[in-house]
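Engineer: only the shape, not the letters, is given here:
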């Protein structure tokens, strides 16, 4: 195998370049189908090489990166950024996220009626017929 065609497991690579926090999360993401290499769902042991496109979907956001360099060990953030080219769509603005319901300080726990109103606003089905 030529030096410029070096490969590494996809779960190791996405963990090494800090796209996920832990190696076990990287493996779980691959098994759940949240990782694609060149538009194909992959298993954790799939090899990636420079030039491959890796898509990782976690926490409601998709990261699209092109592999520039393979690394086998976890590296610091400045080095990790040099290992890929990021083509991810920008994250949604904070205003676009769901607003967080706040209760007034000292209001205590929500009553059953309050809880049902909250569930109705969120569109969740309650146990009532």
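Structural biologist: Here it is on my side, so go on. Note that this is a predicted model, so its numbers are computed, not measured.
Engineer: what strand or helix carries residue 79?
Structural biologist: Per DSSP states H and E, residue 79 falls inside helix 77-81.
Engineer: contacts for that helix?
Structural biologist: 16, 17, 18, 71 (Cβ atoms under 8 Å, 6 or more residues apart in numbering). For every residue, glycine as well, the C-beta is placed using N, CA and C.
Engineer: what of stretch 47-54?
Structural biologist: By Cβ under 8 Å, 6+ apart, stretch 47-54 touches 4-10, 13-14, 19, 35-39, 64-70, 84, 87.
Engineer: mind listing what's buried in that stretch?
Structural biologist: 48, 52, 53, 54 (16 or more other Cβ atoms under 10 Å).
Engineer: just send the contacts of helix 77-81 back as CSV, with pLDDT too.
Structural biologist: Formatted as CSV, the contacts of helix 77-81 follow (pLDDT from 0 to 100):
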residue, pLDDT
16, 96
17, 96
18, 95
71, 94
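Engineer: widest-spaced pair of the residues you listed?
Structural biologist: 18 and 71 (10.4 Å; Cβ to Cβ).
Engineer: more crowded one of these two?
Structural biologist: The neighbour count for residue 18 versus residue 71, taken as other Cβ atoms under 10 Å, is higher for residue 71 (19 against 16).
Engineer: list just the nearest of the buried residues of stretch 47-54 to residue 26.
Structural biologist: Within the buried residues of stretch 47-54, distances to residue 26 taken as Cβ to Cβ reach their minimum at residue 54, with 11.0 Å.
Engineer: helix/strand/coil for the closest one?
Structural biologist: Secondary structure, DSSP: H, G, I helix; E, B strand; the rest coil: residue 54 is strand.
Engineer: any idea what it is bridged to?
Structural biologist: Under DSSP bridges, the beta-bridge partners of residue 54 are residue 37, residue 65.
Engineer: how near is it to residue 13?
Structural biologist: Using Cβ to Cβ, to the nearest Å, residue 54 is found at 7 Å from residue 13.
Engineer: quick revisit: buried ones among the contacts of stretch 47-54?
Structural biologist: With neighbours counted by 16+ other Cβ under 10 Å, the contacts of stretch 47-54 contain buried members at 9-10, 13-14, 19, 35-37, 64-65, 67, 70, 84.
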